[in-house]
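[1] Have a look at this fold, sequence not included:
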């Protein structure tokens with residue numbers, strides 16, 4: 001059943017009291033804006049082939065092992081459950097549908113009653129950690145400091161927070177847009193705000209990337225506080241170590257949560273675009289200029305590019321400043337002063353711009369003067385000016 005624009009499919013997961021019972025499901029389509037109550041599943045796809053079988057409308061449907069186990073644990077014993085699951089609710093053979101559905105992923109997660117995060121199978125340590133977290137969540141251990149954890153509970157928390165889900169680029173929108181989020185490890189579950197609460201007592205035990213993901217989730221902000229979108233540069237720095245099968249997804253997965261004044265260059269997911277052209281699009285976005293003025297970056301991969309953005313290479317900036325016909329230097333200096341390093345060579349390059357060289361050079365000199373007055377001149381910094 002093909003989808004019309006603005007529609008999504010929802011999966012009804014039938015009840016099953018025995019874990020070995022056949023997993024039975026049905027699909028239905030609806031308008032996203034008038035969808036019935038549903039939950040959105042966020043999970044790590046895994047690397048295995050789709051060799052597990054569920055029943056979809058009475059016919060066999062193959063899913064990957066990680067999704068199969070998630071469905072086993074999420075199935076209720078007495079009632080059906082309505083879920084949005086990308087692998088099943090999007091026709092994976094239809095590229096146009098994939099693009100359309102992924103483009104509204106943020107809205108799908110935002111309209112869900114909650115985002116259900118499946119982190120994988122349990123271990124003895126994670127079960128003990130989840131029991132401990134559930135007691136905190138239910139107020140049963142309110143008299144005990146979360147800093148008092150035995151080694152097994154600590155090991156379990158570390159295991160949970162190092163699961164592959166936290167490392168993947170495409171889960172970031174799920175975390176950001178969730179109105180509520182529930183973290184499942186095996187058959188046990190806690191609210192994201194409980195995990196965030198406990199993480200604050202063990203900051204040195206948590207991978208920084210996992211902490212950045214937690215900082216996007218409900219519980220890291222007030223209950224009534226909407227998630228605030230984040231400038232692209234900040235996202236690239238926080239999540240440059242996220243993993244993606246296609247390196248371009250390290251950028252495309254961020255676009256739904258980017259917030260900024262309108263840039264000169266809008267980036268849209270385009271898998272016909274080479275990695276180098278995508279780097280140019282990112283640089284144009286960050287520098288408020290048209291992509292045509294961005295020279296070919298001296299990097300072969302997105303990973304190499306992301307590792308060299310702090311600050312942006314001045315050789316790239318010089319060519320941009322010299323050739324751009326439409327650069328918004330005022331916005332760049334206002335919003336990008338932390339990722340460009342202004343020196344005389346940039347002023348000279350700007351001065352050679354045939355469209356507005358004098359204006360650009362004046363703005364850059366003023367920025368240098370402002371920095372000089374703000375930072376006491378010393379032998380270590382005076383060479384910049």
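    Sure, I can see it. Model, not experiment: these values are computed from the prediction.

[2] can you tell me the helix or strand for the residue sitting nearest the centre point of the chain?
    Note on the chain: the residue nearest the mean C-alpha position is residue 172, at 2.3 Å, using C-alpha atoms, centre = their mean. Secondary structure assignment for residue 172, by DSSP states H and E: helix 172-177.

[3] Which other helices and strands does the helix or strand following that helix contact?
    Next helix or strand after helix 172-177 toward the C-terminus (DSSP H and E): strand 181-185. For strand 181-185, the contact count by 3 or more C-beta pairs under 8 Å, 6 or more residues apart in numbering; DSSP states H and E identifies helix 65-74, strand 115-118, strand 188-191, helix 192-199 as packing neighbours. Where you see a C-beta, it was placed from the backbone N, CA and C, and this is true even at glycine.

[4] swap the cut-off to 10 Å and go again
    strand 39-43, helix 65-74, strand 115-118, helix 124-137, helix 151-161, strand 188-191, helix 192-199, helix 208-216 (3 or more C-beta pairs under 10 Å, 6 or more residues apart in numbering; DSSP states H and E).

[5] of all these, which lies closest to residue 305?
    helix 208-216 (18.2 Å; C-beta to C-beta).

[6] Following element in sequence after that closest one, please.
    Following helix 208-216 in sequence order, the next helix or strand is helix 232-238 (DSSP H and E).

[7] where's that following helix relative to the chain centroid, distance-wise?
    Distance, stretch centre to chain centre, for helix 232-238: 10 Å (C-alpha atoms, centre = their mean, to the nearest Å).

[8] which stretches of the stretch 1-150 of the chain form strands?
    7-13, 24-31, 39-43, 52-56, 59-63, 81-84, 115-118 (DSSP state E, counting those that start in this stretch).

[9] Tell me the buried residues in the first one?
    Of all the residues in strand 7-13, those buried under the rule 16 or more other C-beta atoms under 10 Å are 7, 8, 9, 10, 11, 13.

[10] Show the pLDDT at residue 378.
    pLDDT for residue 378: 47.

[11] for the one 5 residues further on, same thing?
    Among the per-residue scores, residue 383 shows a pLDDT of 33.

[12] ok so, going back, could you measure from the closest residue to the residue nearest to the centre of the chain other than its chain neighbours over to residue 169?
    In space, and not counting its chain neighbours, residue 172 is closest to residue 253: 5.8 Å by C-beta to C-beta, 6 or more residues apart in numbering. From residue 253 across to residue 169, the span is 4 Å (C-beta to C-beta, to the nearest Å).

[13] Report the set of residues contacting both of the two.
    Shared contacts of residue 253 and residue 169, defined by C-beta atoms under 10 Å, 6 or more residues apart in numbering, comprise 239, 242, 244, 246.

[14] Can you list the low-confidence ranges for the stretch 1-150 of the chain?
    Along the stretch 1-150 of the chain, segments meeting pLDDT under 70 span 140-148.

[15] picking that back up, give the contact list for the residue nearest to residue 172.
    102, 105, 168-173, 235, 239, 242, 244, 246, 269.

[16] possible to save these as TSV with distance to residue 63?
    Formatted as TSV, those follow (distance: C-beta to C-beta, whole Å):
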residue	distance to residue 63
102	19
105	19
168	18
169	22
170	17
171	18
172	23
173	22
235	31
239	27
242	24
244	21
246	21
269	25
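
[17] If any of those residues are buried, put those into a ChimeraX selection.
    Per 16+ other C-beta under 10 Å, the buried members of the contacts of residue 253 correspond to this ChimeraX selection:
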select :102,105,168,169,170,171,172,173,235,239,242,244,269
